[in-house]
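**Student:** the sequence and its predicted three-dimensional model are supplied below.
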Amino acid sequence: VEMRVLLILSILLQTALSGLIGIDLGSEFFKVSLIRPGKKLVIVENPQSKRMTNNMISITKNQRVFGDDAYNQYIKNPNSIITYMNNLLGVSSNSTDILSRF
């Protein structure tokens, strides 16, 4: 999973050098779009070939996953899931609210 994340970030970085990246961070899902000079807007598909990705992160001692992979982890360990991440924008990672979840 981490290799897929690195690949996606690499593609986004290369594209950012020649265009714009837009991120729509909704309550339940997020989308990433690319705008390149002379081309139409493109919505980036996630590794499952979907345009919308679940707005979840699963953090355990051994791994960090996001999107559908995190959603699948929810059944096994609901306490390891962070949802509604847009509510956490600007909050310190040392915040007691964040630390109390883990």
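**Tutor:** Ah, there it is. Note that this is a predicted model, so its numbers are computed, not measured.
**Student:** residue contacts, the residue minimising distance to the centre of the chain?
**Tutor:** By C-alpha atoms, centre = their mean, the mean C-alpha position of the chain lies nearest to residue 66, the distance being 5.6 Å. Neighbouring residues of residue 66 by C-beta atoms under 8 Å, 6 or more residues apart in numbering: 5, 53-54, 56-58. From N, CA and C alone the C-beta is placed, and that goes for glycine too.
**Student:** can you flag the buried ones in those residues?
**Tutor:** With neighbours counted using 16 or more other C-beta atoms under 10 Å, the contacts of residue 66 contain these buried positions: 53-54, 56-58.
**Student:** all helices of this structure, in order?
**Tutor:** Listed in chain order, the helices of the chain (DSSP state H) span 2-16, 68-76, 96-99.
**Student:** pLDDT of the last one, averaged?
**Tutor:** The reference is to helix 96-99. Helix 96-99 carries an average pLDDT of 62.
**Student:** same question for the longest one.
**Tutor:** Throughout helix 2-16, pLDDT has a mean value of 68.
**Student:** repeat that for stretch 19-29.
**Tutor:** Averaged over stretch 19-29, pLDDT sits at 79.
**Student:** try stretch 53-73
**Tutor:** Averaging pLDDT along stretch 53-73 gives 82.
**Student:** go through it and flag the buried ones.
**Tutor:** 53-59, 65-67, 69-71, 73.
**Student:** identify the residues contacting the residue nearest to residue 30 when sequence neighbours are not counted.
**Tutor:** Closest residue in space to residue 30, ignoring its immediate chain neighbours: residue 55 at 5.1 Å, by C-beta to C-beta, 6 or more residues apart in numbering. By C-beta under 8 Å, 6+ apart, residue 55 lies in contact with 25-30, 83-86.
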